[in-house]
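Novice: sequence first, then the predicted structure:
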Amino acid sequence: MGIHTIRIGIIGAGNIGGVHAQEFSKLADQCEITAITDAYLPLAEAKAAQYGIGAVVATPEELIARDDVDAVIIGVPNQHHAPLAIAALKAGKHVLLEKPMGINSEAARQILKASRESDRIVMVGHQMRWEAVPMAIKEQVDRGELGKIYTAKTGWFRRKGIPGWGTWFTRMDQSGGGPLIDIGVHMLDLALYLMGNPKPVSVYGATYAEFGPSRKGIGNWGTPDWNGVYDVEDLATALIKMEDGSTLSLEVSWAVHMDTDNTPFIHLMGSEGGASYKGGTGKLLTEKFDRPLETLLSKPENDEGERARLSKHFLACIREGKQPITSALTGFTNNLILDAIYESSRTGHEVILNWDLDK
């Protein structure tokens with residue numbers, strides 16, 4: 001173990017914890033996973049055996065307190081994000097936090113505050129920013145090839161994809177929402193990033209629950225608990241207005257009666273050109289000599305993958321003391337918008353975003 005080896009502890013040994021264990025264990029020259037914990041310890045023990053993790057720890061608190069942990073990866077249900085992230089930051093640990101950063105904007109605000117006070121890094125695990133095609137689009141945006149991006153449209157319509165009916169996924173008090181906070185947060189995050197991070201100022205939105213309450217639209221992710229609760233939306237739509245006058249339209253569903261191929265999409269519309277991203281491929285669009293021109297974008301053949309790049313970025317930020325691309329501020333921004341969409345749906349009015357971090 002070298003002097004610059006970053007020691008990592010993983011909280012949550014489920015699906016996403018397993019993905020992080022797999023990726024970080026490939027970077028043995030840069031880091032070492034020293035400890036893992038889960039509410040169901042046999043799961044943590046299985047992951048420890050699979051990835052050669054030294055210690056299985058009984059509780060998150062115990063893991064956070066360990067001297068051989070420099071950074072903590074948090075992959076647990078949304079309502080636990082803020083308490084665990086804040087405890088880790090206060091203990092002087094860096095944090096890689098699964099999305100959404102907080103269960104709501106108040107939780108996200110507290111994480112952002114703790115991050116600033118502790119001078120430790122918080123990175124949100126929005127892996128789509130590290131996909132090859134969005135990265136290629138971002139490069140063109142940064143070079144000014146699209147000109148001024150004045151509007152964008154993003155979304156993800158699942159036809160029949162409600163996850164884990166009755167489990168934490170479909171309980172507002174545990175997840176913070178339905179498809180909006182589950183898959184919508186990915187599209188919102190990526191769209192704002194590709195637009196050049198304009199500052200959102202107001203939101204008008206609506207949410208609907210036409211499938212979940214009557215147990216329709218069930219997908220195959222997670223195990224249903226038919227004695228459980230479904231009190232979240234299954235479709236959300238919103239228009240987000242930026243300080244510079246540009247707009248972003250966001251539409252997502254877990255279940256809907258429409259002709260959809262179930263893939264995420266983003267369309268950027270600029271004064272000089274446009275870009276479209278759909279399910280792993282993309283296009284750059286412009287007009288030359290009075291003719292429409294298209295350039296196809298696809299993933300390179302030997303692409304190392306977005307998860308590998310995300311993991312390396314987290315380690316590089318820790319080593320170099322720099323803010324991640326998906327910083328605590330971007331996580332807070334997403335949560336602020338999501339809360340405003342829910343509020344707008346409740347009140348029927350436009351919601352002005354409150355950027356006061358000391359609220």
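Specialist: Now that the structure is in, tell me what you want to look at. Residues are numbered from 1 along each chain as shown.
Novice: so residue 335 touches residue 108, yeah?
Specialist: Yes. Between residue 335 and residue 108 there is a contact at 3.8 Å, judged by C-beta atoms under 8 Å. For the C-beta atoms, the positions are set from N, CA and C on the backbone; glycine is no exception.
Novice: any shared contact partners between those two?
Specialist: 100, 101, 102 (C-beta atoms under 8 Å, 6 or more residues apart in numbering).
Novice: list buried residues within the residues you listed.
Specialist: Neighbour-count burial (16 or more other C-beta atoms under 10 Å) is assigned, among those, to 100, 101, 102.
Novice: name the nearest of these relative to residue 123.
Specialist: Of all those, residue 123 sits closest to residue 101, with 9.8 Å by C-beta to C-beta.
Novice: state the helix or strand in which the closest residue to that closest one other than its chain neighbours lies.
Specialist: Distances taken as C-beta to C-beta, 6 or more residues apart in numbering put residue 331 closest to residue 101, at 3.0 Å, once the chain neighbours are dropped. According to DSSP states H and E, residue 331 maps onto helix 328-347.
Novice: and residue 357, what's its pLDDT?
Specialist: Note on residue 357: pLDDT of 77.
Novice: that one contacts residue 109, doesn't it?
Specialist: Yes. When contacts are counted by C-beta under 8 Å, residue 357 is listed as touching residue 109 (6.4 Å).
Novice: more neighbours: the two, which one.
Specialist: The residue with more neighbours, out of residue 357 and residue 109, is residue 109; 22 against 11, by other C-beta atoms under 10 Å.
Novice: wait, a helix at the more buried one?
Specialist: Yes. Counting by DSSP: H, G, I helix; E, B strand; the rest coil, residue 109 is located in a helix.
Novice: residue 329 versus that one, what's the distance?
Specialist: 11 Å (C-beta to C-beta, to the nearest Å).
Novice: and the closest residue to residue 218 other than its chain neighbours, what does it touch?
Specialist: Using C-beta to C-beta, 6+ apart and skipping residues adjacent in sequence, the residue nearest residue 218 is residue 162, 5.1 Å away. Contact analysis of residue 162 by C-beta under 8 Å, 6+ apart lists 170, 211, 212, 217, 218, 219, 234, 254, 255.
Novice: next helix or strand past the helix holding residue 331?
Specialist: strand 351-352.
Novice: note down every partner strand of that next one and its orientation.
Specialist: Its sheet considered, strand 351-352 pairs with strand 200-208 (antiparallel) by DSSP bridges.
Novice: residues in contact with the partner strand?
Specialist: Contacting residues not belonging to strand 200-208 are listed as 177-178, 180, 192, 233-243, 248, 250, 333, 336-337, 340-342, 344-345, 349-353 [C-beta under 8 Å, 6+ apart].
Novice: restricting to C-alpha, output the very next helix or strand once past that strand in PDB.
Specialist: Downstream of strand 200-208, the next assigned helix or strand under DSSP H and E is strand 235-242. Provided in PDB are the C-alpha atoms of strand 235-242 (Å, rounded to 0.1, in the frame of the first residue of the first chain):
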ATOM      1  CA  LEU A 235     -45.200  10.800 -13.900                       C
ATOM      2  CA  ALA A 236     -43.800  14.300 -13.600                       C
ATOM      3  CA  THR A 237     -43.600  17.200 -16.000                       C
ATOM      4  CA  ALA A 238     -41.900  20.600 -15.500                       C
ATOM      5  CA  LEU A 239     -40.600  23.700 -17.100                       C
ATOM      6  CA  ILE A 240     -37.500  25.200 -15.500                       C
ATOM      7  CA  LYS A 241     -36.500  28.800 -16.300                       C
ATOM      8  CA  MET A 242     -32.900  30.000 -15.900                       C
END
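Novice: any weak-confidence spans in the chain?
Specialist: 1-3, 359 (pLDDT under 70).
Novice: so residue 210 touches residue 235, yeah?
Specialist: Yes. Here residue 210 reaches residue 235: they are 7.1 Å apart, a contact under C-beta under 8 Å.
Novice: need the overlap of contacts for these two.
Specialist: Common neighbours of residue 210 and residue 235 (C-beta under 8 Å, 6+ apart) are residue 255.
Novice: okay, the buried ones among the shared contacts of residue 335 and residue 108 in CSV with distance to residue 185 and secondary structure next?
Specialist: Formatted as CSV, those follow (distance: C-beta to C-beta, whole Å; DSSP: H, G, I helix; E, B strand; the rest coil):
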residue, distance to residue 185, secondary structure
100, 5, coil
101, 9, coil
102, 11, coil
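Novice: turn these into JSON lines, including distance to residue 132.
Specialist: What follows is those, written out as JSON lines (distance: C-beta to C-beta, whole Å):
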{"residue": "100", "distance to residue 132": "24"}
{"residue": "101", "distance to residue 132": "25"}
{"residue": "102", "distance to residue 132": "29"}
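Novice: between these, which sits nearest residue 87?
Specialist: residue 102 (14.2 Å).
Novice: my guess is the closest one meets residue 79, correct?
Specialist: No. Counting by C-beta under 8 Å, residue 102 stays clear of residue 79, with 9.3 Å between them.
Novice: okay, and the common contacts of those two?
Specialist: Each of residue 176 lies in contact with both residue 102 and residue 79 under the rule C-beta under 8 Å, 6+ apart.
Novice: what is in contact with residue 357 and residue 109 at once?
Specialist: residue 332.
Novice: chain center to stretch 342-359: distance?
Specialist: 21 Å (C-alpha atoms, centre = their mean, to the nearest Å).
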